[in-house]
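Colleague: the following block contains a protein sequence and its predicted model.
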Amino acid sequence: MADLQDRLRAYAAHRLPAADEVVVQDLDRIFGGASRETYRFVLSYQQDGVERRRRLILRRDPTGSLIDTQRAVEFAAYRAFHGTDVPVPEPLWLEEDPRWLDQPFFVMAELSGFESSPQVIVAPPFAARAEDLARQKWSILGRIAAADPVALGLDRVMEFVEATQCWQRELEYWERRIDEDEREPQPIVRAAIRWLRRTPPPPPRRVTTVHGDYRTGNFLCDAAGTIHGILDWEMAHLGDPLEDLAWSLSPIWRWARDERAGGLAPRAAAIALWEAASGLVCEAAALRWWEVFSAVKGQAIWISGAREFDEGSNHDPILAVSSWLMGNAQDRAALLALGHLA
Amino acid sequence: MARLLEVVTGHLASRTAAALTGYEQATVTMLSLLLFVVGEESPRAVARRVEENGALRGLFAQALPAVRDGALRDRLETLAAGTDDDLAVAALDATNAALRAALIDLHAHVEESEGAAARAVEAAIWSELRASTERRHVSIAPF
């Protein structure tokens, strides 16, 4: 850790050529970054005779992760939404040259003192504010869908997709991941993939920014029921906004162990909030397609994580636990979405 | 074995994790969860595999009249006649993988087939897939 702290200090000094006495302190790894190593640290320096001090976050690519992603896309998403009505931390530096910290990384402001753990958020005292959190969670998601990705500049970093091709591109990508990484046959997910191909959804009214992993656990909130930041944009892309809504409604995020989506709100209420904020209509058959797709994508993520753990490219226990814990839940979610689970 | 895992899991979760902070505390908590799941799985590991392999063989035997593809029918017939002589988990898993790979092909085949026999096989497959998730159920999973 001391070595990483020294190297991070050298990088910060490089990025702040007018600063003196650049110091990095209290570097501490944060648990849960399955797709990136995440650290918090305090950066202090002197500039223009003023002492400055900031609490920051370092997100560094690991050698293996649950999700192969492009850090430039994630960084661009933070940059695009920072300062808008979609709350995100302020992004500071993106670095893809591995000479600094061996792997590409980016640095952003820390939103400190808030909670993201889904198990904590569905328990007291946060649970008393579930309705407030739900209202913000799905309203923010609706605002992401309402935002114009071209006006935000995201079309310059995210691959263009025709509205008619959204479903096919996503399905092909995640099916390929399963083909490459599965260690044992997956009869439920294969049946789901065949169903998805037989039953394509209608194209979205407009192509939007898709967060890609929008769920309880990927936002920071306080116990008074306010969401302060949407995190983990590593799977962000252009696509059908129903993809995010379906993912957020998946039963595998029922952390309160009841019927509420994300442990926060009834499904119908969540959909209504999203429709009101997005100005879009959630068509039931299209949503169902994306819910079955969510089960396929989720299983692909657990399968890839299990492979990375087994092969030793990443021995973070979260990979083993999430694959084991969520893999079966994901199969049950697929059965439910396909209408084969009571 | 189950008692041993229970004790170790409890120790890690309540004592070791409590003595740590931050990333290390969360990692130890995660390891205790992993051991909990291992503790849940280990007593049923052989039984659920034997049960599932037997269920799949039975399903294949029943499905044969509905299978029009000769090569697939021969493969299913051979698999249906198999037995689990080696009760090592790795051996049962290898057999299970062969059976579930054939199940995928059978499922795709009957989906494309017409007639009541194909629909009956399809219904039996969905029933078996539901049962397969129940055999693997992890009690601490959110769903």
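Modeller: Noted; the coordinates are in hand. Keep in mind the model is a prediction, meaning the values are calculated, not measured. Residues are numbered from 1 along each chain as shown, chains lettered A, B, ... in the order given.
Colleague: residue contacts, residue 100?
Modeller: You didn't say which chain, so I picked chain A. Applying Cβ atoms under 8 Å, 6 or more residues apart in numbering or on different chains to A:Trp100 gives the contacts A:7, A:10-11, A:14. C-beta here means a position set from N, CA and C on the backbone, and glycine is covered the same way.
Colleague: switch to chain B, please.
Modeller: The contact partners of B:Arg100, taken as Cβ under 8 Å, 6+ apart, are A:184-185, A:187, B:56.
Colleague: one more: A:Trp247?
Modeller: A:Trp247 sits next to A:212-215, A:290, A:294, A:297 when contact means Cβ under 8 Å, 6+ apart.
Colleague: distance from stretch A:100-112 to the middle of the chain?
Modeller: Relative to the mean C-alpha coordinate of its chain, stretch A:100-112 is positioned 16 Å out (Cα atoms, centre = their mean, to the nearest Å).
Colleague: kindly export that stretch (C-alpha atoms) in CSV.
Modeller: Only the C-alpha atoms of stretch A:100-112 are listed here, as CSV (Å, rounded to 0.1, in the frame of the first residue of the first chain):
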residue,chain,number,x,y,z
TRP,A,100,2.0,5.4,-13.3
LEU,A,101,0.1,2.6,-11.4
ASP,A,102,0.6,-0.4,-13.7
GLN,A,103,-3.0,-0.4,-14.8
PRO,A,104,-5.2,2.4,-16.3
PHE,A,105,-7.1,4.3,-13.6
PHE,A,106,-9.1,7.4,-12.9
VAL,A,107,-9.5,9.8,-9.9
MET,A,108,-12.7,11.4,-8.8
ALA,A,109,-14.0,13.3,-5.8
GLU,A,110,-15.1,11.2,-2.8
LEU,A,111,-18.7,11.7,-1.7
SER,A,112,-17.9,10.9,1.9
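Colleague: where does chain B get nearest to chain A, residue-wise?
Modeller: B:Ala26 (3.3 Å; Cβ to the nearest Cβ).
Colleague: what are the buried residues along the helix or strand encompassing that residue?
Modeller: Using DSSP states H and E, B:Ala26 sits in helix B:22-41. Residues B:23, B:26-39 are the ones in helix B:22-41 that count as buried (16 or more other Cβ atoms under 10 Å in any protein chain shown).
Colleague: so what touches that helix?
Modeller: By Cβ under 8 Å, 6+ apart, helix B:22-41 touches A:28-32, A:316-318, A:320-321, A:324-325, B:2, B:5-6, B:8-10, B:12-13, B:16-18, B:20, B:138-140.
Colleague: gap between the residue of chain A positioned farthest from its centre and A:Ala19?
Modeller: In chain A, A:Gly49 marks the outermost C-alpha relative to the chain mean, sitting 39.4 Å out by Cα atoms, centre = their mean. Remark: distance between A:Gly49 and A:Ala19 (Cβ to Cβ, to the nearest Å) = 11 Å.
Colleague: before we move on, what about A:Leu154?
Modeller: Separation of A:Leu154 from A:Ala19 (Cβ to Cβ): 31 Å.
Colleague: now do the SS call for A:Leu280.
Modeller: Three-state call for A:Leu280 (DSSP: H, G, I helix; E, B strand; the rest coil): coil.
Colleague: CA atoms of the helix holding B:Ala26 as PDB?
Modeller: What follows is helix B:22-41, C-alpha atoms only, in PDB (Å, rounded to 0.1, in the frame of the first residue of the first chain):
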ATOM      1  CA  GLY B  22     -12.400  -1.400   6.200                       C
ATOM      2  CA  TYR B  23     -11.400  -3.600   3.300                       C
ATOM      3  CA  GLU B  24     -10.000  -6.400   5.500                       C
ATOM      4  CA  GLN B  25     -13.100  -6.600   7.600                       C
ATOM      5  CA  ALA B  26     -15.300  -6.800   4.500                       C
ATOM      6  CA  THR B  27     -13.100  -9.400   3.000                       C
ATOM      7  CA  VAL B  28     -13.200 -11.600   6.100                       C
ATOM      8  CA  THR B  29     -17.000 -11.100   6.300                       C
ATOM      9  CA  MET B  30     -17.200 -12.200   2.600                       C
ATOM     10  CA  LEU B  31     -15.000 -15.300   3.400                       C
ATOM     11  CA  SER B  32     -17.400 -16.200   6.200                       C
ATOM     12  CA  LEU B  33     -20.300 -16.000   3.800                       C
ATOM     13  CA  LEU B  34     -18.400 -18.200   1.400                       C
ATOM     14  CA  LEU B  35     -17.900 -20.800   4.200                       C
ATOM     15  CA  PHE B  36     -21.500 -20.600   5.100                       C
ATOM     16  CA  VAL B  37     -22.500 -21.500   1.600                       C
ATOM     17  CA  VAL B  38     -19.900 -24.300   1.500                       C
ATOM     18  CA  GLY B  39     -21.400 -25.500   4.800                       C
ATOM     19  CA  GLU B  40     -24.900 -25.500   3.200                       C
ATOM     20  CA  GLU B  41     -23.700 -27.300   0.100                       C
END
